[in-house]
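# Fold the following for me, if possible:
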Amino acid sequence: MPELPEVETVRRGLEPVLSGARLSRVRANRPDLRFPLPDGFVQRLTGAKILRLERRAKYLLAPLDRGDTLVMHLGMTGRFEIAAPEGATRPGDFAREVKPDDKHAHVVFETEEGATVTYYDPRRFGFMDLIATDRVDRHPWFATMGPEPLSDAFDAKTLVKAFGGRKQGPKTLLLDQKTVAGLGNIYVCEALHRSGISPFKPSGQIAGKRLGPLTAAIKDVLAEAVEVGGSSLKDFAAADGALGYFQHRFRVYDREGEPCPTPGCRGVIAREVQAGRSTFFCPVCQK
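Prediction:
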């Protein structure tokens, strides 16, 4: 599933053509994605102006001049493709391109400026909704979310509060969207390795002085991934149809059996299933 850096990459790719644009035509080629599209979806969007394009956790939000916000989630295989008169833009550096299949083109947005933005989703795990802008923060999808990990609101104090007295491992708590919004399996594995913390150590037993470096590692790994366009595992692609290459920088994720890259460490990257997800770690230097 696309994680925060992938969604931010898509946002940056869409922003030049959608932010401030008025939708001249909207087509929904089916009545539903993961969930049914809201009543009057096409009519409520046609003619509306997108005021800006935002991201909250793994959601894309487009506030409209009509008082609603278009909320979009990519699911597992959702992506956007931009066709504009001046050609496609590239939000970052990418490894290769993938041509989308027209049979999976489910929603099409056309702007007065001549751009066409098409949403493709082969597995249809993504979804879209229209929510009153003044109610977005109170909507069940967002009401209990923790701070954005790249914001100043996320710091060591956040983790001190979240980890205090808890028996669960730090990976479990970091994946809890109530702790911090938008973190996913890939980047939590990477951040824990960078900070030398075992994903299985009871969180309440992690010394407070180690949480500052962990917070910094989370911010660093996310910022680096955003810069190069995300990890692009399997079907994920950025808004211009290109795939990122952050996977080539993974230290532990999907590197089971390889030597630990930490200088001086003689460990070998291991994999264990934790809460139904693969956890990659070094059993020697992560303590």
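# quick one: low-confidence parts of this structure?
Confidence mapping of the chain against pLDDT under 70 gives the ranges 1, 84-100, 229-248.
# Show me the strands in it, by range?
Assigned by DSSP state E, the strands in the chain fall at 23-28, 54-56, 59-63, 68-73, 79-83, 94-97, 105-111, 116-120, 127-132, 242-244, 270-274, 277-281.
# got those as JSON lines, with distance to residue 191 and mean neighbour count columns?
Any C-beta I mention is one placed from the backbone N, CA and C, and that applies to glycine too. As requested, the strands of the chain are arranged in JSON lines below (distance: least, Cβ to Cβ, whole Å; neighbours: other Cβ atoms under 10 Å):
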{"stretch": "strand 23-28", "distance to residue 191": "38", "mean neighbour count": "16"}
{"stretch": "strand 54-56", "distance to residue 191": "19", "mean neighbour count": "17"}
{"stretch": "strand 59-63", "distance to residue 191": "21", "mean neighbour count": "21"}
{"stretch": "strand 68-73", "distance to residue 191": "23", "mean neighbour count": "22"}
{"stretch": "strand 79-83", "distance to residue 191": "25", "mean neighbour count": "22"}
{"stretch": "strand 94-97", "distance to residue 191": "23", "mean neighbour count": "14"}
{"stretch": "strand 105-111", "distance to residue 191": "34", "mean neighbour count": "20"}
{"stretch": "strand 116-120", "distance to residue 191": "30", "mean neighbour count": "20"}
{"stretch": "strand 127-132", "distance to residue 191": "28", "mean neighbour count": "19"}
{"stretch": "strand 242-244", "distance to residue 191": "18", "mean neighbour count": "23"}
{"stretch": "strand 270-274", "distance to residue 191": "15", "mean neighbour count": "14"}
{"stretch": "strand 277-281", "distance to residue 191": "11", "mean neighbour count": "20"}
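# Save those as JSON lines, and put in distance to residue 164 too.
Formatted as JSON lines, the strands of the chain follow (distance: least, Cβ to Cβ, whole Å):
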{"stretch": "strand 23-28", "distance to residue 164": "47"}
{"stretch": "strand 54-56", "distance to residue 164": "26"}
{"stretch": "strand 59-63", "distance to residue 164": "29"}
{"stretch": "strand 68-73", "distance to residue 164": "31"}
{"stretch": "strand 79-83", "distance to residue 164": "39"}
{"stretch": "strand 94-97", "distance to residue 164": "41"}
{"stretch": "strand 105-111", "distance to residue 164": "44"}
{"stretch": "strand 116-120", "distance to residue 164": "42"}
{"stretch": "strand 127-132", "distance to residue 164": "34"}
{"stretch": "strand 242-244", "distance to residue 164": "36"}
{"stretch": "strand 270-274", "distance to residue 164": "21"}
{"stretch": "strand 277-281", "distance to residue 164": "23"}
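# and residue 213, which of the ones you listed is closest to it?
Of all the strands of the chain, it is strand 277-281 that lies closest to residue 213, at 16.3 Å by Cβ to Cβ.
# Quick one: list the elements packing against the closest one.
Applying 3 or more Cβ pairs under 8 Å, 6 or more residues apart in numbering; DSSP states H and E, one finds that strand 277-281 makes contact with helix 185-195, strand 270-274.
# and residue 172, which of the strands of the chain is closest to it?
Among these, the nearest to residue 172 by Cβ to Cβ is strand 270-274 (7.2 Å).
# gap between the closest one and the chain center?
How far strand 270-274 lies from its chain's middle: 22 Å, per Cα atoms, centre = their mean, to the nearest Å.
# Please apply the same query to stretch 14-32.
20 Å.
# Please work out which residues outside it touch it.
Stretch 14-32 has contacts (Cβ atoms under 8 Å, 6 or more residues apart in numbering) with 37, 41-42, 45-53, 60, 62, 80, 82, 84, 89, 105-113, 115, 117, 124, 239.
# closest to residue 163 out of the helices and strands packed on strand 277-281?
helix 185-195 (12.7 Å).
# how about the strands of the chain, which one is nearest residue 152?
Using Cβ to Cβ, the nearest of the strands of the chain to residue 152 is strand 54-56, at 15.9 Å.
# who does that closest one touch, helix- and strand-wise?
For strand 54-56, the elements it packs on are helix 4-18, strand 59-63, judged by 3+ Cβ pairs under 8 Å, 6+ apart.
# Check the ones you listed for me and report the most buried one.
Mean neighbour count (mean count of other Cβ atoms under 10 Å) peaks for helix 4-18 among these, with a mean of 25.
# CA atoms of that helix as PDB?
The C-alpha atoms that make up helix 4-18 are tabulated as PDB, following Å, rounded to 0.1, in the frame of the first residue of the first chain:
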ATOM      1  CA  LEU A   4       3.000   8.800   3.300                       C
ATOM      2  CA  PRO A   5       5.900   9.600   1.000                       C
ATOM      3  CA  GLU A   6       4.200   8.000  -2.000                       C
ATOM      4  CA  VAL A   7       1.000  10.000  -1.300                       C
ATOM      5  CA  GLU A   8       3.000  13.200  -0.900                       C
ATOM      6  CA  THR A   9       4.700  12.500  -4.200                       C
ATOM      7  CA  VAL A  10       1.300  12.200  -5.800                       C
ATOM      8  CA  ARG A  11       0.100  15.400  -4.200                       C
ATOM      9  CA  ARG A  12       3.100  17.300  -5.500                       C
ATOM     10  CA  GLY A  13       2.500  15.800  -8.900                       C
ATOM     11  CA  LEU A  14      -1.100  16.800  -9.000                       C
ATOM     12  CA  GLU A  15      -0.800  20.200  -7.400                       C
ATOM     13  CA  PRO A  16       0.400  22.200 -10.500                       C
ATOM     14  CA  VAL A  17      -2.600  21.100 -12.500                       C
ATOM     15  CA  LEU A  18      -5.300  20.900  -9.800                       C
END
